[in-house]
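**Q** Test case, fold it:
(one chain, ligands or ions: 1)
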Amino acid sequence: MSGFLDLCLKRQSCRNFAERPVEREKLEKCIEAGRLAPSGCNSQPWSFVVVDDPKIVPQIAKHAQPLGINGFTDKAAAFIVVLEEHAVLTPTVRGFLDSQYFAKGDLGAATVCICLEAADLGLGTCIIGLYNREGLSNLLGIPIEKQFAALIAVGYPADGVIRQKIRKQAGEITRYV
Ligand SMILES: Cc1cc2nc3c(=O)[nH]c(=O)nc-3n(C[C@H](O)[C@H](O)[C@H](O)COP(=O)(O)O)c2cc1C
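**A** Below you'll find the predicted structure:
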């Protein structure tokens, strides 16, 4: 592995975690990558809740399995919750756009930066889209009105298999003018 595209190929949704804790400094590096993500007007409309307390992690996993799916999260060593915060845009832009206009994209960028840094550190991640938001809010003391952007399961992969990426071909989705 060397360049950035190699890292993009290495990052994959991990659904088979090893029973091994993740070092706090590695989680800190993941958050650092999220913190450094670009955002509209540099508004940084995010905050992160990192859960690595072995007593709380299993409770998060239960909330990540609302429809009986995502059972693999039982073996996650940690979770990162990405929350949407109020975006302060520059005055000129604010006159035209709602404060949260860029936020969804910004939060996606932060989330993927976290996952890519994790992959670079040898960690596996899986972004979890279906979860019990109310349960998580209550458990983590997050105000109920707060928007969740992502729940990321984190751990060491139990195996080193890098799957083939299933993606649309560049020609299908790109047009050069
Ligand atoms: C917003 C979002 C929600 C997702 N939710 C889940 C989920 O609940 N469970 C799961 O196993 N994977 C989930 N994934 C992972 C996707 O299935 C995965 O990214 C996609 O199939 C591409 O595979 P790759 O990540 O291994 O490259 C989610 C991904 C995103 C971006």
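
**Q** and the residue nearest to Leu67 when sequence neighbours are not counted, what is it in contact with?
**A** Residue nearest to Leu67 in three dimensions, not counting chain neighbours: Leu130, with 6.3 Å by Cβ to Cβ, 6 or more residues apart in numbering. C-beta: built from backbone N, CA, C; applies to glycine. With contact taken as Cβ atoms under 8 Å, 6 or more residues apart in numbering, Leu130 is in contact with Ala64, Pro66, Leu67, Ile69, Asn70.

**Q** if I've got this straight, the fourth one is in a helix?
**A** No: going by DSSP: H, G, I helix; E, B strand; the rest coil, the assignment for Ile69 is coil, not a helix.

**Q** Quick check: nearest residue in space to it, chain neighbours excluded?
**A** Leu130 (6.7 Å).

**Q** Out of the contacts of Leu130, which end up buried?
**A** Among the contacts of Leu130, those scoring as buried are Ala64, Asn70 (criterion: 16 or more other Cβ atoms under 10 Å).

**Q** quick one: which of the contacts of Leu130 is nearest to the ligand?
**A** Nearest to the ligand out of these is Asn70 (Cβ to the nearest ligand atom; 5.0 Å).

**Q** any idea which element the spatially most central residue of the chain lies in?
**A** In the chain, the centroid-proximal residue (Cα atoms, centre = their mean) is Thr111; its distance is 3.8 Å. Per DSSP states H and E, Thr111 falls inside helix 103-120.

**Q** close to the ligand, is that helix?
**A** No: applying Cβ under 6 Å from any ligand atom, one finds helix 103-120 separated from the ligand by no less than 7.6 Å.

**Q** Which elements pack onto the helix-or-strand element of the chain with minimal mean pLDDT?
**A** Scoring the helices and strands of the chain by mean pLDDT, DSSP states H and E places helix 91-94 at the bottom, with a mean of 91. Applying 3 or more Cβ pairs under 8 Å, 6 or more residues apart in numbering; DSSP states H and E, we find helix 91-94 packed against no helix or strand.

**Q** just to revisit the earlier point, surely the residue nearest to the centre of the chain and Gly129 touch.
**A** No: judged on Cβ atoms under 8 Å, Thr111 makes no contact with Gly129 at a distance of 11.0 Å.
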